[in-house]
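Visitor: Only the shape, not the letters, is given here:
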């Protein structure tokens, strides 16, 4: 369990509105540094460049879905150890099991509460060994 | 259907003998009755014969010296004959069955007749000429022997009758002074005894005859009963056969007209029969499939091994297989998915003699299910994504992190956020109910401390209750209980019951939450002080889109899906849900779940840890 506070978060999301809300939530309430990536095809480069503590991935995105991007990250030595949290509208036990089997740190259901999002991410971060 | 034959009666003279006359409970008594009846039957010709013979005697002796005596005797004869005929009529019209009484009267009649002839011999015989005496002697001898035929069915009545004749006649002969008549008088008892012996033997013949008749009646009656039973059984068999034939025709019609394919296989999966729907389904004509192996003809060749193994397992189970989905191959090479119900027909030794299969093409249904699932998933994503933006934006504004906003603006954004949340609840409810009813809903059960869960859920719902100025009250010392449940879904159920209770409670009222252990079940109750459940709404309160009335819907909001979801969730957790009137007004909604014992808790927790 880590006691270090979560400071840098990279969020890969194609929806600009949600990008903005997440940025506001994490920056203003969570006081975190946030990097938003709208195109999953360039996400790995952006992640490597930003060096986040944690990566948030949307599930359904044009070009490449979240799980595929996650697998690509796991294949890349520079991103394979980064904790990943999915933000998804999918929330059935089967779907969540699928995420766990991929090695995701957790999942936050859409719609999420921007007020509580920083706390939720921090809680997941703290649970890391 | 039973047949009931009308009773028939066979008439023999004036004595009716029913053909179905039941054998007497006491055969001896019946035989006596038959013998008495025979006596009375013979009494009429006997009486006529008496009158006839008496008339001849009277005419013969009319010119003799003792005409007056003869006339007196003739009148006595007529009187006795009339009395005997009267006795006969009384016997015919009798209402009792006291055969011994009627036998006694017959014996008196026989004695009277005999004595009358005895008087004739005693009074008239000595006073006439030799020729007339010979005439009388012949007549008397004839009457004595003729009496056997009339009275022999009860031999001693003949003995009485004959003794009435013989005694006076013998006396007259013995005192006649003629040596020949004296010798005749000596022979008279011998004649008498000989006749009585003959009568006695005839009596036995009659008795045997009557006994045989009685036995025959018994046999006839038994035969009649048996015949009736056989007829009834035959009729039942005929009816059963008609019913079986009708059922067979019905079944065959059902199979022929059924929209689903019906096939019959033997234990080797050889096709024995099939209906037109099966011909349509697989594209084969009846003659092309009958006698062929279904596993080879109707299923893909690359799955033959799997299907043969499945068939063997099915046969060894000797149990019907329902809703088995199998990939099939049509005659035109098209792959189709079929759903089958297979029922083995077994003999007494549990050997499968044939298998009835009912199948239908579900290819389109599976495609529709896939599309529906895809649509639901897409709908879920496409609706939730904009709602995330809407609710998220409003929450950020309303939380104040973006700075203060004007009061009017704040009120409007609060309304917008609340209604955005309602819209989200509606979408979530619709998706939940769709998943539950399509059987796609899965729970994530774990050991849950229901008392703790209740306290936490009350805290979560306090804000909602405050909006309605309702207080949520829970006892401080709840009984600790553990259940196996999906905590997230259990919170959803409790939240739904609490929000309903708060919405329908009067302002300033309280909603009580109770937890009671009842044997191996725990009961959670949510008690409100609202208006109660209208009678007309009670039966459909747990149905989908159930609302007490449209006014309440507008006032209180809600989709009408909440309780329907609660019911299905609780049932998925092996519990039950219900409601009742709260004493003092309002309603109590409750659900019950099985309580876990310590051992079960330990096992489940170990299992959870292992996973």
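Guide: Noted; the coordinates are in hand. Just so you know, these numbers come straight off a predicted model, no measurement behind them. Numbering: from 1, shown residues only, chains lettered A, B, ... in the order given.
Visitor: what about the strands in the stretch 351-500 of chain B?
Guide: Secondary structure of the stretch 351-500 of chain B (DSSP state E, counting those that start in this stretch): strands located at B:352-361, B:446-449, B:471-474, B:482-485.
Visitor: Dig out what the residue at minimal distance from the centre of chain A forms beta bridges with.
Guide: Nearest to the mean C-alpha position of chain A, by C-alpha atoms, centre = their mean, lies residue A:56 at 0.7 Å. In this structure, residue A:56 bridges to residue A:11, residue A:85 when assessed by DSSP bridges.
Visitor: Tell me which of the strands of the stretch 351-500 of chain B lies nearest to chain A.
Guide: strand B:446-449 (11.5 Å; C-beta to the nearest C-beta). Every residue, glycine included, has its C-beta placed from N, CA and C.
Visitor: Show residues contacting that closest one.
Guide: If you take C-beta atoms under 8 Å, 6 or more residues apart in numbering or on different chains as the criterion, strand B:446-449 is touched by B:480-487, B:490, B:596, B:601, B:604-605, B:608.
Visitor: With stretch B:58-77 instead?
Guide: Residues from elsewhere that reach stretch B:58-77 (C-beta under 8 Å, 6+ apart): B:50-51, B:54-55, B:57, B:116, B:119-120, B:123-124, B:127-129, B:132, B:135.
Visitor: which one among those gets closest to chain A?
Guide: Looking across the contacts of stretch B:58-77 and measuring by C-beta to the nearest C-beta, the closest to chain A is residue B:50, at 119.1 Å.
Visitor: Doesn't that closest one belong to a helix?
Guide: Yes: judged by DSSP: H, G, I helix; E, B strand; the rest coil, residue B:50 forms part of a helix.
Visitor: Excluding chain neighbours, what is closest to it?
Guide: Spatial nearest neighbour of residue B:50, excluding adjacent residues (C-beta to C-beta, 6 or more residues apart in numbering or on different chains): residue B:81 at 5.5 Å.
Visitor: Kindly report the same for residue B:109.
Guide: Residue B:109 sits nearest to residue B:84 (C-beta to C-beta, 6+ apart), 4.6 Å away.
Visitor: need the residues of chain A near chain B, please.
Guide: Within chain A, the positions lying close to chain B (C-beta under 8 Å from any C-beta of the partner chain) are A:15, A:17-18, A:21, A:24-25, A:28-29, A:59-60, A:89-90, A:92-94, A:110-115.
Visitor: hmm, try it at 7 Å
Guide: When proximity is defined as C-beta under 7 Å from any C-beta of the partner chain, chain A approaches chain B at A:15, A:17-18, A:21, A:24-25, A:28-29, A:60, A:89, A:92-94, A:110-115.
Visitor: Helices along the stretch 101-250 of chain B, start to end?
Guide: Secondary structure of the stretch 101-250 of chain B, counting by DSSP state H, counting those that start in this stretch: helices at B:130-151, B:155-174, B:179-257.
Visitor: Same check on chain A?
Guide: A:16-24, A:43-50, A:66-75, A:93-102, A:117-126 (DSSP state H).
Visitor: Kindly calculate the angle that the worst-scoring helix or strand of chain A on mean pLDDT makes with helix A:66-75.
Guide: None of the helices or strands of chain A scores lower by mean pLDDT, DSSP states H and E than helix A:93-102, at a mean of 73. Between the axes of helix A:93-102 and helix A:66-75, defined by axes from the mean of the first three to the mean of the last three C-alpha atoms, to 10 degrees, the angle is 10 degrees.
Visitor: ok, which residues in the stretch 301-450 of chain B are in contact with chain A?
Guide: By C-beta under 7 Å from any C-beta, the residues of the stretch 301-450 of chain B that approach chain A are B:380-381, B:384-385, B:387-389, B:391-393, B:395-396, B:399, B:401, B:424, B:442, B:444.
Visitor: Let me know the helix or strand that residue B:100 is in.
Guide: Per DSSP states H and E: residue B:100 is located in helix B:99-119.
Visitor: can you list contacts of that helix?
Guide: Here helix B:99-119 makes contact (C-beta atoms under 7 Å, 6 or more residues apart in numbering or on different chains) with B:32-33, B:36, B:39-40, B:50, B:73, B:76-77, B:80, B:84, B:87, B:91, B:94, B:140, B:143, B:151, B:154, B:157, B:160-165, B:167-169.
Visitor: So for that helix, what gets flagged as buried?
Guide: For helix B:99-119, burial by neighbour count (16 or more other C-beta atoms under 10 Å in any protein chain shown) applies to B:99, B:102-103, B:105-107, B:109-119.
Visitor: Test for you: state the pLDDT assigned to the closest residue to chain A within the stretch 101-250 of chain B.
Guide: Taking C-beta to the nearest C-beta, chain A has its nearest neighbour within the stretch 101-250 of chain B at residue B:250, 46.1 Å off. Per-residue confidence (pLDDT) for residue B:250: 84.
Visitor: now swap in residue A:3 and tell me
Guide: 62.
Visitor: Please give the number of neighbouring residues around residue 32.
Guide: No chain was given, so I picked chain A. By other C-beta atoms under 10 Å in any protein chain shown, the residues close to residue A:32 number 21.
Visitor: Not quite, go with chain B.
Guide: Other residues lying near residue B:32 total 17 when counted by other C-beta under 10 Å.
Visitor: what's the answer for the one 10 residues further on, then?
Guide: The local packing of residue B:42 (other C-beta under 10 Å) involves 18 other residues.
Visitor: on that earlier part again, and the helices of chain A, which one is worst for confidence?
Guide: Here the helices of chain A differ in mean pLDDT, and the lowest is helix A:93-102 at a mean of 73.
Visitor: Just the buried residues of that helix, please?
Guide: Neighbour-count burial for helix A:93-102, counted by 16+ other C-beta under 10 Å, picks out A:96, A:99.
Visitor: and if you look at stretch A:37-48?
Guide: By neighbour count on 16+ other C-beta under 10 Å, the buried set for stretch A:37-48 is A:37, A:40, A:43, A:44, A:46, A:47.
Visitor: how about residue B:269, what does it touch?
Guide: Residue B:269 makes contact with B:293, B:294, B:295, B:311 under the criterion C-beta under 7 Å, 6+ apart.
Visitor: Most neighbours among these, which one is it?
Guide: residue B:294 (23 neighbours).
Visitor: Excluding sequence neighbours, find me the nearest residue to that residue.
Guide: Of all residues not flanking residue B:294 in the chain, residue B:269 sits nearest, at 4.8 Å (C-beta to C-beta, 6+ apart).
Visitor: For that neighbour, what are phi and psi?
Guide: phi 70, psi 20 (degrees, to the nearest 10).
Visitor: And the pLDDT for it?
Guide: As predicted, residue B:269 sits at a pLDDT of 93.
Visitor: what's around the closest residue to residue B:330 other than its chain neighbours, how many residues?
Guide: Spatial nearest neighbour of residue B:330, chain neighbours left out: residue B:283 (4.6 Å); criterion: C-beta to C-beta, 6+ apart. The tally of other residues near residue B:283 (other C-beta under 10 Å) stands at 14.
Visitor: and residue B:283, how far is that from chain A?
Guide: Here the criterion is C-beta to the nearest C-beta, to the nearest Å. By it, residue B:283 lies 37 Å from chain A.
Visitor: likewise residue B:497?
Guide: In this view, residue B:497 and chain A are 22 Å apart by C-beta to the nearest C-beta.
Visitor: residues touching that residue, list them.
Guide: Contacts of residue B:497 (C-beta under 7 Å, 6+ apart): B:526, B:566, B:589.
Visitor: Which of those fall in helices?
Guide: Judged by DSSP H, helices contain the following of the contacts of residue B:497: residue B:566.
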